[in-house]
Every structure is written in C-alpha cells, then in structure tokens.
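*Asks:* Turn this into a model:
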Amino acid sequence: MPEPPAPPPDDRDTAGGDPDEAIEPDSLWMDPQVGEELYGDQFAGSSYADINAHGPTAFGNNNTVYVSYEGQPAAKPIIRHLPGVPHLLRVYAYSAADEHLDAVLSHRSTACLTGVSNTGRFSTACAALARHHSAERVREVLLPADIEPDVIIRDPDCIDKDHGYVLRLAGDRHVTVMRRLADAFRQRSASLLLIRDDDFRVKVRHSAEVRHQRPLPREVFRHHLRHLLSERWRLTGAQGDQRIDRYLQVAELGEALDATYGPREAVAIARAIAERPLVDRSAMEEILALSQPRRREQAADILQSRRAETDRRHRRADQHERAFRMSYAVFHRLPLHCVFEAADLLLEHVDGEANRPEWGRMALQHPVFELLGPLGEDWQEGQEKAQSRGGASRVAWLRDPKMRGAIIDVAWHDFDSTRPALLKWLNTMAASDDDLVRRATAQVAGLLAHHDFDRVCSDLIDGWAASPRPRLRQAAAWAIVTADFGGHVTHRVRRKVRQWANGRLNHHRDVAALVYASGLQQPDLSWSLADLRRIAEDRMQQNTGSVAEAISQLYATDRTHQIISELVDWAQAPPLQRHAANALLALAGKSTGESTGTPDLLVRLAASDVDGTALARLWRVALLIRQTSPAGWTVLGEWVAHADLDDNLRKAVGELVSELAGDAAVRRRMRFHVARHPTFRNGGLPGWIEPAMRDR
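*Replies:* Now for the predicted structure:
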C-alpha cells in the first residue's frame, strides 16, 4: 500500500483552521433499553454489537447466527445461512398460507409471500423453504437499499444448487423480480421466496403471489410452550399437552392470547409460564399482568377519566389528566418538571386543533396524585428510589418500564383524532434547550414512525433532518434509530439513511452521520463504511466529530482489521485525512469489557490482530495534522504509559514508536511531546522506549 502523503509540520488544513466539534464518546448512543420500554414483547433485542462483516465470521440475533465473507464490495449481496431453521420447525405453528405456498414452490422457482409485518411471515417463508429443500439449506439474501435484486444472478456462485433463499423486498417490484430471476434459480434447482408488505388495494394478484395469514395465537403458544416444557422440565409431549390444556382452561389466558398483536407476544407469555415448574391461578394472574395485551388494557384504563358522572367538571379536566399521564410516560425516569411543562404544551396544541380560545396554563387546580390517578403509586415508588440514591425526589417513574410504550401506543391509536396535536407537540419539544427532553421526544417520534412511518417522517423527521439547527438534526437521528429498534420498518429506515447519505443536502448527510453515531448499523459493515465515506467528503463535515463517533460506534474487536484498513485508505485522500485521524484517536482511547480498561486497539495490536505498519500510517497522519496533533500526542503518551505498566504491551508499542520515528517530522516532535505526558513529566521516559525513538 503506498505511503500516505505527509503534511509538513506547519501544515494548514485546506478546510479551515477551526477545531473539530467535540462529541463526548457514546453521548449520542441510543440505549437498546429504550427499545424494550417502547416495544415491550415486540422488541427482539438489538443485535448491532453482534454484526460482523469480515471473516468468515458469525453475526445475528440471539441464538440465530449468520455468516458473511470478507472482501465483499458494497454492491454484492450478502447470502447468509440461517442455522436456526431446524429449531423453528420444532416450534412452528401452522399458517393457513402453508398449503398454497407449498403448491406454488412445487412448480415455480420464484414466489412471493405477501403479508403484514409482525405476523410471522418470515417464519412461514423459512419453514416453506425448509420443507421444499431442507432445514440446513435455507439462506437469507440481504441487499443494500439502492441495489436491484438482479445483482444476485450476476455472480453464478451466489446461488447454490437445491437451496432455498428468502429476500425481503420493498415496494411493488415483486412480479418483475420473479420473472427476471426465475430462470437462474430454476437452472440451479433452487427457490427464491420474496417477502413484501401487503397492499390491500390490489384485487388481482400474480399466480405466484401468496397472501400470508397469521397463525392462531393459541397454537403459537401451544407449540412454543410444549417445546419449552420439554427442554426445561423434561416433560414428554403427552405430559406437556396435558399441562397446556389445563392452562388454556383459564379464561384470562385465552383472552390474553387472543388479544396479542403478533406471534412474539404469544411466545413471550409461553416463556414466562415455562419459567415456573407449575403455574397456579394466582401465578397465572401475575404472569398475565405483565403481558403486552394486559399492558395495553392497563394503558387504556390509565388514559380514561375515573370521575363519576355526577362530578360536574369541565371536560378540560379530563384532558388535563390524559395529557399529564401521557407526558409522565414520555418522560419516564426524568424530573417531574419536564412532565408539567410537556403537559401544558400538549394542552395548548389540543386547544389549537379545536380552535378553542387560549385557556392559559393550569395552576393550583389539581395536585399530582389526582392528575396521575392509577399512576400515583408508580410516582410514589419513584420518589423513594430517587431519594435512596440521593437524586432528585420528583422523578417520573413507571414500575413496569414497558408501560411507557403501551401508554403512547394507546394514545396514538385510541385517541387518533388528537394525532395532529400530538405531532405538533413533539415538533415543539424537539426544539427544546434540554437535551433530555429532545432525546425523549425523539424516542416517541421513533415509536410513532414504527406505527405510521410515512406520516411521521413527512410531518416531523424529514423537517428535522433538513433543519439548519443541529439539535433538530440530532433529534431526527435519534428518532430513526428508535424506529429501527422495533424491527418492522427496518428496510424503510435503511433506505432513508442511504438516501440521506447520498442526497444533495449537506444537512441530510450530517443526519446520516449522526444516525450512525447514535448506534445504527447496516447488516454489512462495508455498507456503513461506504456511507460514512460519502458523508465525510462533505465539506460541512470537516469540523465535526460525527463521522469519527460513528466509526467508534461501529467498532468491535473482530472488526479491527477491516476498519483500520478503511481508515488507512481514507488517510491517503486529503479531504478525508482529518476524519481518519479523528476516528483513530476515538478508537485509540476506546476500551471494552474484554480489555479491562486498556484501549482495545492497543490490545489487538499486541495480539497481532491488526497490521502495525498500517496503524503507524494512521498515527502519522493524526500526529502531523494541526487540528488533531495535540490530542494525538496525548493519546500516544497514554499508550506508552499503558505499555510501561504491562510487559505484554511493550513490544507492540515499541515497534509502533520505532515505525513512527522513521519519519523525521514525527521523530523531531516525539520526545518533546511524550516526555511531557503527565505520567512521565517528573520521572522521565522509561528506558525501554528510548531506543525506539531514535532514528533507524
């Protein structure tokens, strides 16, 4: 690899001399706990940290592991194995679409399963392909948002003989895709099954298109619980069925299962029951009280007025209670003053939508306990917890954090006439000076985008993304990441991010960088890095740290080689040198649980998991560019200090310093800066590093 151009010691960056806008590490990261609070049992868990893009290595969700291959350009598809399919077949519940789908696959090489998200359509597709081929021969195809499915057949090695492939497809191109790919799959005796969202307006469908039908919730519950009872308590099939039949005689259980939104909620109830050796009626009530259907029932009760009909209050009091309780859920774990201010704003927007005269802010009318109603006990418990930790005593608190999303869900769906007011309310709060308020607001917008992506994007997120105000662009990024946590609009989220990254507006490119800095990741690391490279070429990004923080969020120990190789490539392009340097410094100070406080990149260098020569090239740029030089010398001094305390690191650091000292511009400054690091200021440099600093 050619040596990157070295800026002279007094180099002045052509992009300007402004210092980079500092971003506190992980300050933009969106905690997956938010997904658990907002989506409840529908939240499948964030797998971003488990995604690897080089190898061959494994990545995936929980116990489902997939494989991708090193060196894939961004335009090539990812074909990943689905080893969880054999387990799926053991717990799979029959869908009314199964027979029709089997018939289509028996005489066609391409087909399409059309259905609603969160109804088990992916499981149905995998089960159908497993029946037609085998459970070990089911693959998933992943494509970047701007790549056509035709790319699958450009490389004949993409399609294995007698294998089944499932591809999630956005839009209405399924007929064209099936026609174009049919011959290639037929020649390989393989099958391609597309999955797309159902368009209920279509009356005439293609003969290879099968409408998915959700399996019966009670059957999903039965199949999963039977397997769990066998696995955990060693019950035979007959024993398990007998116990399940006894459980299903409890009317409340059947009602809860019938009220589930999707198979995941039924599976969650089965798992909760399987945790106990035997569940009596009281235990069943306890379990069902924490189920998602019961949470929604409780949320509806919370948002209803409990006043007697004889209580002659103006209906404004009912609205005040609802607004306060909804705000309380939005600002879970935040100070109560945020709830008061947000409730007042919501009432103002409700009045505005109703064309009512300004009522003014409510004062000295309703105490907190009266406004909270059923949530009063939650608030009291929150006060006690906050006081025990020595924090603010007035904190919004929900005993069951997953009630947060349930309350917002019910407010959006059951009081749908207030949706315009809710959207205007969120738009107002997104401009708040308080970072915590903006973050909570963006999380709610993300949940609502999960329900109605087009409307929330057009009314809120798109406007925030195009705003010249950085705080609104960050709100757009947080909202998009939160929407992705739900899993049902993932393909739309990815398409939106790539549109921003490739768009004409520099504000859009900035939002795309902030999305990655907030934690979102593409299925393949190369896709994320390609987006960030395009973003980094924008002159607006020259003085910001968003790209570097995004690289830091993408980092994982088994990605070190690929990320460093990409950054070395950046370091050879003058417009990208500053980003490469900032990213290196962000990674150079980043530690993981495995590295026990030592920078993980340093540990990987000592373990020879990263090319020392390539890393030295990056360090050289970071130490010579004026904007990053002060921080660069400080971090390099910290590496030397770590190595001075750990014999296992000394050889690697010595070799790195020796490589850097081969450059005269670096060598002239090295002894001066490293010797002034706080660790060595009084005692001087350790003897083992002195030879490495000399001219070779």
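*Asks:* you'd agree residue 486 is up against residue 41?
*Replies:* No. In this structure, residue 486 is not within contact of residue 41 by CB atoms under 8 Å, at 11.7 Å. All C-beta spots, glycine's among them, are computed from the backbone N, C-alpha and C.
*Asks:* any idea where the helices of the stretch 401-550 of the chain begin and end?
*Replies:* For the stretch 401-550 of the chain, applying DSSP state H, counting those that start in this stretch gives helices covering 403-414, 419-429, 435-451, 453-456, 462-465, 470-485, 490-502, 506-517, 525-536, 546-554.
*Asks:* TSV for those, including mean pLDDT, distance to residue 669 and mean neighbour count?
*Replies:* Below are these laid out as TSV (pLDDT from 0 to 100; distance: least, CB to CB, whole Å; neighbours: other CB atoms under 10 Å):
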stretch	mean pLDDT	distance to residue 669	mean neighbour count
helix 403-414	94	53	23
helix 419-429	96	49	20
helix 435-451	97	38	24
helix 453-456	96	52	16
helix 462-465	98	42	21
helix 470-485	97	34	27
helix 490-502	93	36	21
helix 506-517	97	31	27
helix 525-536	95	26	23
helix 546-554	97	22	28
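*Asks:* Which one of the ones you listed lies nearest to residue 166?
*Replies:* With CB to CB as the measure, helix 490-502 is the member of those nearest residue 166 (13.4 Å).
*Asks:* Who are the packing partners of the closest one?
*Replies:* On a contact count with 3 or more CB pairs under 8 Å, 6 or more residues apart in numbering; DSSP states H and E, helix 490-502 meets helix 470-485, helix 506-517, helix 525-536.
*Asks:* Off-centre distance for it?
*Replies:* Its chain's C-alpha centre and that of helix 490-502 lie 13 Å apart, by CA atoms, centre = their mean, to the nearest Å.
*Asks:* Other residues contacting that helix?
*Replies:* For helix 490-502, the external contacting residues (CB atoms under 8 Å, 6 or more residues apart in numbering) are 144-146, 168, 170, 453, 457, 465, 480, 483-484, 508-509, 511-512, 515-516, 520, 522, 531-532, 534-535.
*Asks:* circling back to that earlier point, in a markdown table, list the helices of the stretch 401-550 of the chain along with distance to residue 248.
*Replies:* Converted to a markdown table, these look like this (distance: least, CB to CB, whole Å):
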| stretch | distance to residue 248 |
| --- | --- |
| helix 403-414 | 25 |
| helix 419-429 | 38 |
| helix 435-451 | 31 |
| helix 453-456 | 36 |
| helix 462-465 | 47 |
| helix 470-485 | 32 |
| helix 490-502 | 34 |
| helix 506-517 | 44 |
| helix 525-536 | 45 |
| helix 546-554 | 45 |
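*Asks:* Nearest to residue 233, out of those helices?
*Replies:* Closest among these, using CB to CB: helix 403-414, at 30.7 Å.
*Asks:* what does the closest one contact?
*Replies:* The contact list for helix 403-414, computed with CB under 8 Å, 6+ apart, reads 37-40, 292, 295-296, 298-300, 302-303, 322, 325-326, 329-330, 332, 398, 418-419, 422, 444, 447-448, 451.
*Asks:* and those residues, which are buried?
*Replies:* 37-40, 292, 295-296, 298-300, 302-303, 322, 325-326, 329-330, 332, 398, 418-419, 422, 444, 447-448, 451 (16 or more other CB atoms under 10 Å).
*Asks:* buried set for stretch 629-647?
*Replies:* 629, 631-644.
*Asks:* average pLDDT for it?
*Replies:* Across stretch 629-647, pLDDT averages out at 95.
*Asks:* Of the helices and strands packed on helix 490-502, which is nearest residue 339?
*Replies:* helix 470-485 (19.1 Å).
*Asks:* what distance separates the closest one from the centre of its chain?
*Replies:* How far helix 470-485 lies from its chain's middle: 11 Å, per CA atoms, centre = their mean.
*Asks:* ok and it relative to helix 435-451, angle-wise?
*Replies:* Angle of helix 470-485 versus helix 435-451, following axes from the mean of the first three to the mean of the last three CA atoms, to 10 degrees, is 40 degrees.
*Asks:* how far off helix 546-554 does helix 470-485 point, in degrees?
*Replies:* For helix 470-485 against helix 546-554, the angle by the same axes, to 10 degrees is 30 degrees.
*Asks:* Using CSV, write out the CA atom coordinates for helix 470-485.
*Replies:* Taking Å, rounded to 0.1, in the frame of the first residue of the first chain, the C-alpha atoms of helix 470-485 are listed here in CSV:
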residue,chain,number,x,y,z
PRO,A,470,-28.1,20.9,14.8
ARG,A,471,-30.3,19.9,17.7
LEU,A,472,-33.2,19.1,15.4
ARG,A,473,-30.9,17.1,13.1
GLN,A,474,-29.8,15.1,16.1
ALA,A,475,-33.5,14.5,17.1
ALA,A,476,-34.1,13.1,13.6
ALA,A,477,-31.2,10.7,14.0
TRP,A,478,-32.4,9.5,17.4
ALA,A,479,-36.0,9.1,16.1
ILE,A,480,-34.8,6.9,13.1
VAL,A,481,-32.7,4.7,15.4
THR,A,482,-35.6,4.3,17.8
ALA,A,483,-37.9,3.3,14.9
ASP,A,484,-35.3,0.7,13.8
PHE,A,485,-35.5,-0.9,17.3
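*Asks:* elements contacting it?
*Replies:* If contacts are counted by 3+ CB pairs under 8 Å, 6+ apart, helix 470-485 sits against helix 33-39, helix 435-451, helix 462-465, helix 490-502, helix 506-517.
*Asks:* export the first one as CSV, just CAs?
*Replies:* Taking only C-alpha atoms (Å, rounded to 0.1, in the frame of the first residue of the first chain), the coordinates of helix 33-39 have been written out as CSV:
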residue,chain,number,x,y,z
GLN,A,33,-33.3,-0.4,26.8
VAL,A,34,-35.4,2.3,25.1
GLY,A,35,-36.5,-0.4,22.6
GLU,A,36,-37.6,-2.6,25.5
GLU,A,37,-39.6,0.2,27.1
LEU,A,38,-41.3,1.3,23.9
TYR,A,39,-41.9,-2.0,22.1
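*Asks:* Give me the residues contacting that helix.
*Replies:* With CB under 8 Å, 6+ apart as the test, helix 33-39 has contacts from 43, 45-46, 332, 401-402, 404-405, 408, 443, 446-447, 450, 482, 485-486.
*Asks:* go with 6 Å
*Replies:* By CB atoms under 6 Å, 6 or more residues apart in numbering, the residues outside helix 33-39 that reach it are 43, 401, 402, 404, 405, 443, 447, 485, 486.
*Asks:* mean confidence score for that helix?
*Replies:* Here the average pLDDT along helix 33-39 is 95.
*Asks:* Now do that helix: distance to the chain's middle.
*Replies:* On the basis of CA atoms, centre = their mean, helix 33-39 sits 11 Å off its chain's mean C-alpha point.
*Asks:* Compute the distance between the residue nearest to residue 431 when sequence neighbours are not counted and residue 256, please.
*Replies:* Nearest non-adjacent residue to residue 431, counting by CB to CB, 6 or more residues apart in numbering: residue 472, 6.5 Å away. Relative to residue 256, residue 472 is positioned 41 Å away (CB to CB, to the nearest Å).
*Asks:* which stretches of the stretch 1-150 of the chain aren't confidently modelled?
*Replies:* Counting by pLDDT under 70, the low-confidence segments of the stretch 1-150 of the chain come to 1-20, 44-75.
*Asks:* go with 50
*Replies:* By pLDDT under 50, the low-scoring segments of the stretch 1-150 of the chain are 1-16, 46-73.
*Asks:* Start from the N-terminal end of it and give the strands.
*Replies:* For the stretch 1-150 of the chain, the strands defined by DSSP state E, counting those that start in this stretch occupy 57-59, 66-68, 78-81, 110-115, 138-142.
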